[in-house]
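# Sequence first, then the predicted structure, then my questions.
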Amino acid sequence: MKGRSSVADRPVPLAGGVFTMGSDHHYPEEAPAHRERVGAFAIDPTQVTNAQFRDFVRATGYRTVAEREPRAEDFPDAPPENLVPGSLVFTPTSGPVDLRHISLWWTWTPGACWSSPEGPGSSVKRRPDHPVVHVAFEDALAYATWAGADLPTEAEWEYAARGGLDGATYTWGDAARPGGRIMANTWDGPDFPWRSTRESGFTRTAPVGHFPANGYGLFDMAGNVWEWTTDWWTDRHPEQESRPCCAPDHRRQSREDETDEARSYDPAQPQFRIGRRVVKGGSHLCADTYCLRYRPAARRPQMVDTGTSHLGFRCVRRDDDAQVPS
């Protein structure tokens, strides 16, 4: 891949197998814990960085969703002033707020995009090794296609994140801070979203690879930024292993995908018939007292047309001739 971070030189090959996916002990959407099978694949050791995404944009002239003018017919209830290119940016509050209302700390920011993460006047020039953000699903997929890769399924992502520790709470084990060590870029302290202790040294994204790798040598599978997967959102996992053992009928699969997309719509916002994909891994905004989701089992829905200042991605490859560990 062009522009690869110096932290790692190539994708990490994984043999695949059966593992325990999900959790019965945390948030309801993670249940039920069940046995899941994945095939062999290779996964990038880091999240795609600003430098890597810049290379893609320079090579292709690609414009992200956040850089395009929204169409009024797609957002019937949006104020006219919001129908301009932009994205959602985390904005700390001035004090404690009702945590049921996320609009108190998310601000629609005209001009915010991957190259200006906090809006006009901000830049990634001094953050080439930070994960790219403000990428919608189609942006991530466009990059992956250009790189000769794909985005991971939810099962592939979780299998990789566990690093061989089947059933463990975190990517590194069951203790949040083994020996007192900070293992991921998450929100420091209990006072989300207004006051961070800054114990980790970061209040937004961190350079990829700054925190310890998991057992497979993969960095930031917890925290830093959420990551896209290809799965449509469901409120729960299926009761049984769902990965088929044989190649699907692609015509039938297309119809199933259409149904799965419709089922992923947000029932709380019926005016938006926009599919939601599963995102994984948590971010630098995950606070233990509010969003304990920097765990392999954790999952959240994300509208496919929406990027944010804490959402990125990494790529996978499934070449038949790829070498995998025995």
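Done, it's in.
# So what's the residue count around the closest residue in space to Lys280 that isn't next to it in sequence?
Spatial nearest neighbour of Lys280, chain neighbours left out: Trp157 (4.9 Å); criterion: Cβ to Cβ, 6 or more residues apart in numbering. For glycine as for every other residue, the C-beta is placed from the backbone atoms N, C-alpha and C. When neighbours are counted by other Cβ atoms under 10 Å, Trp157 registers 28.
# and Trp157, what is it in contact with?
Trp157 makes contact with 227, 229, 280-281, according to Cβ atoms under 8 Å, 6 or more residues apart in numbering.
# how about the helices in the stretch 51-200 of the chain?
Ranges of helices in the stretch 51-200 of the chain, per DSSP state H, counting those that start in this stretch, are 137-146, 154-162.
# neighbouring contacts of the longest one?
Surrounding helix 137-146, the residues in contact under the criterion Cβ under 8 Å, 6+ apart are 48, 52-53, 56, 59-60, 62, 64-65, 114, 135, 150-151, 228, 277, 302, 304-305, 307, 312-313, 315.
# just stretch 59-66 next, same as before
Stretch 59-66 is contacted from outside by 2, 56, 85-87, 112-114, 134-136, 138-139, 142-143, 146, 305-307, using Cβ under 8 Å, 6+ apart.
# Would you mind giving me the PyMOL syntax to select the buried ones in the residues you listed?
Buried subset of the contacts of stretch 59-66, written as a PyMOL selection, criterion 16 or more other Cβ atoms under 10 Å:
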select buried, resi 56+85+86+87+112+113+114+134+135+136+139+142+143+146+305+306+307
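# Of the contacts of helix 137-146, keep whichever come out buried.
So, by 16+ other Cβ under 10 Å, the buried ones in those are 48, 52-53, 56, 64-65, 114, 135, 150-151, 228, 277, 302, 304-305, 307, 312-313, 315.
# among the contacts of helix 137-146, which are in strands?
Judged by DSSP state E, these include 228, 277, 302, 312 as members of strands.
# can you pull the contacts of the last one?
Same thing as Gly312. Neighbour list for Gly312: 47-48, 131-133, 135, 140, 224-228 [criterion: Cβ under 8 Å, 6+ apart].
# For it, give its distance to Asp77.
To Asp77, Gly312 is 28 Å away according to Cβ to Cβ, to the nearest Å.
# Equivalent analysis for the first one, please.
The spacing between Trp228 and Asp77, counted by Cβ to Cβ, is 26 Å.
# swap in Thr46?
With the distance defined as Cβ to Cβ, Thr46 ends up 38 Å from Asp77.
# out of these two, which sits in the busier spot?
Taking other Cβ under 10 Å, Thr46 and Asp77 do not tie; Thr46 has more neighbours (23 against 8).
# Surely that one is in contact with Phe219?
Yes - with contact defined as Cβ atoms under 8 Å, Thr46 reaches Phe219; the gap is 5.1 Å.
# Tabulate the contacts of Gly312 (CSV), appending pLDDT and distance to Gly16.
What follows is those, written out as CSV (pLDDT from 0 to 100; distance: Cβ to Cβ, whole Å):
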residue, pLDDT, distance to Gly16
Gln47, 98, 22
Val48, 98, 22
Pro131, 98, 25
Val132, 98, 27
Val133, 98, 29
Val135, 98, 27
Ala140, 98, 22
Asn224, 98, 25
Val225, 98, 25
Trp226, 98, 24
Glu227, 98, 19
Trp228, 98, 20
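# for the chain, which residue is closest to the average position?
Ranked by distance to the mean C-alpha position of the chain (Cα atoms, centre = their mean), the top residue is Glu227 at 1.3 Å.
# I'd like to know how many residues surround the residue lying closest to Asp191 once chain neighbours are set aside.
Residue nearest to Asp191 in three dimensions, not counting chain neighbours: Pro96, with 7.3 Å by Cβ to Cβ, 6+ apart. When counting by other Cβ under 10 Å, one arrives at 11 neighbours for Pro96.
# what does Trp105 give?
As a burial measure, Trp105 scores 17 neighbours (other Cβ under 10 Å).
# what about stretch 164-178, how long is it end to end?
18 Å (Cα to Cα, to the nearest Å).
# hang on, the earlier thing: can you redo the ones in strands among the contacts of helix 137-146 as TSV, where the extra columns are distance to Ala40?
Below are these laid out as TSV (distance: Cβ to Cβ, whole Å):
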residue	distance to Ala40
Trp228	21
Arg277	23
Gln302	27
Gly312	25
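# out of the residues you listed, what pair is the most spread apart?
Largest separation among the ones in strands among the contacts of helix 137-146 by Cβ to Cβ: Arg277 and Gly312, giving 13.5 Å.
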